[in-house]
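[1] here's a sequence, model it:
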Amino acid sequence: MSRLLAIDTIYLEPAVAAYPLGREILERFGQARRIEVASHWNIPELHGNAGSAEDWVRIKRSTLVLGVKKGLASRPNGRSAHFIAPSSSNGCAMACAYCYVPRRKGYANPITLFVNTEAIGRAIA
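    The predicted model follows:
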């Protein structure tokens, strides 16, 4: 896994350290530079950067975003599942040409992990 991810920067919402999973992840990547952000969803340095395709994979492999999932509702889905449930993560370390994520969350969308997994699990249940 160290060949795929080499985390050196973590963007995090202020509440992340209040969760056990948040503390565990921060400890695991203790050497990483930490940048506090108001929202995992709006990080101008990462999102909307269509002109730097050569940097996308580097950013996606070296940057991690930690947040607290706020939208815990499930909603009906008429496609491959009955419902769209809250997720515990999004993003990836690749830059596939067919991916829909750049249209929604920015071209260099790195992995985002939500640390309130207990609340997410309760919402799904």
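
[2] what stretches of the protein score poorly on pLDDT?
    Low-confidence segments of the chain, defined by pLDDT under 70: 1-2, 48-54, 101-107.

[3] one more time with 90
    For the chain, the stretches with pLDDT under 90 are 1-5, 41-61, 77-84, 90-110.

[4] strands along that one, start to end?
    Per DSSP state E, the chain carries strands over the ranges 9-12, 33-36, 63-67, 75-76, 83-84, 89-90, 111-114.

[5] which of those strands is buried the deepest?
    strand 63-67 (a mean of 25; mean count of other CB atoms under 10 Å). Yep, even glycine has a C-beta here, placed from its N, CA and C like the rest.

[6] just checking: what are the partner strands of it?
    strand 9-12 (parallel), strand 111-114 (parallel) (DSSP bridges).

[7] what about the strands of the chain, which gets the closest to Cys99?
    For these, proximity to Cys99 was assessed by CB to CB; strand 89-90 is nearest, at 11.4 Å.

[8] taking the centroid of this structure, which residue is nearest it?
    Nearest to the geometric centre of the chain sits Thr112, at 1.0 Å (CA atoms, centre = their mean).

[9] what sits against the residue lying closest to that one once chain neighbours are set aside?
    In this structure, Thr112 finds its nearest non-sequential neighbour in Val65, 4.1 Å apart by CB to CB, 6 or more residues apart in numbering. Applying CB atoms under 8 Å, 6 or more residues apart in numbering to Val65 gives the contacts 10-12, 40, 43, 46, 91, 110-113.
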